[in-house]
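> No sequence on hand, only this structure:
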């Protein structure tokens with residue numbers, strides 16, 4: 001699976017387990033993957049996704065997917081709204097790489113195999129898997145500062161809100 005296979009709106013259910021503190025939490029909400037064009041070195045006239053992206057309908061023309069999560073987190077007795085935006089960009093070798101909204105690299109997009117995020121002093125390992133109707137993202141963060149596990153289940157929305 002590549003990011004363009006997952007375009008659309010998804011119901012998000014995430015569990016959070018802080019094993020060190022013995023705390024558990026949840027995030028429920030919506031994840032949206034939307035195709036955008038980003039500025040490419042070979043096509044400087046293309047608009048940048050960070051300064052007003054234009055939505056696309058043809059996955060072959062996509063070199064960036066905006067991954068936005070919005071929802072509610074319940075953790076340690078508190079309920080708070082949460083949001084996150086990631087950018088999944090096509091690489092020069094026609095693979096894909098996930099970036100934080102500020103442009104920093106998060107991890108390579110590798111479906112069904114372990115990915116790594118370098119964030120010293122802890123080690124982050126993740127796994128993306130599933131199909132075009134249901135997929136999961138699992139992250140383990142282990143080290144001197146953290147001992148967390150996050151499991152996200154995303155199911156394609158089929159209601160009128162899509």
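Everything's here; your move. If you're wondering where the values come from, they're calculated on a predicted model, not measured in any experiment.
> what's the offset of stretch 97-105 from the middle of its chain?
Distance, stretch centre to chain centre, for stretch 97-105: 10 Å (CA atoms, centre = their mean, to the nearest Å).
> Tell me where the chain has strands.
In order along the chain, the chain carries the following strands (DSSP state E): 8-18, 23-36, 64-75, 78-90, 96-100, 105-108, 114-119, 122-130, 134-142, 147-156.
> check contacts around residue 21.
For residue 21, no residue meets the contact criterion (CB atoms under 8 Å, 6 or more residues apart in numbering). Just so you know, the C-beta spots here come from the backbone N, C-alpha and C atoms, and that holds for glycine as well.
> residues in contact with the helix or strand bottoming out on mean pLDDT in the chain?
When the helices and strands of the chain are scored by mean pLDDT, DSSP states H and E, strand 114-119 comes last with a mean of 92. Residues from elsewhere that reach strand 114-119 (CB under 8 Å, 6+ apart): 106, 107, 108, 109, 123, 124, 125, 126, 127, 128, 139, 141.
> Please repeat the previous calculation with a cut-off of 7 Å.
Taking contacts as CB atoms under 7 Å, 6 or more residues apart in numbering, the residues outside strand 114-119 that touch it are 106, 107, 108, 124, 125, 126, 127.
> now these as TSV including neighbour count, pLDDT and distance to residue 76?
Formatted as TSV, the contacts of strand 114-119 follow (neighbours: other CB atoms under 10 Å; pLDDT from 0 to 100; distance: CB to CB, whole Å):
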residue	neighbour count	pLDDT	distance to residue 76
106	18	95	25
107	19	95	27
108	14	95	32
124	19	95	21
125	14	97	24
126	18	97	23
127	16	98	26
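> Between all of those, which two are at the greatest distance?
106 and 127 (14.0 Å; CB to CB).
> what's the neighbour count on residue 16?
Counted with other CB atoms under 10 Å, the neighbours of residue 16 add up to 19.
> Tell me where the model's unsure across this structure.
38-60, 160-162 (pLDDT under 70).
> Excluding covalently adjacent residues, which one is nearest to residue 11?
residue 155 (4.9 Å; CB to CB, 6 or more residues apart in numbering).
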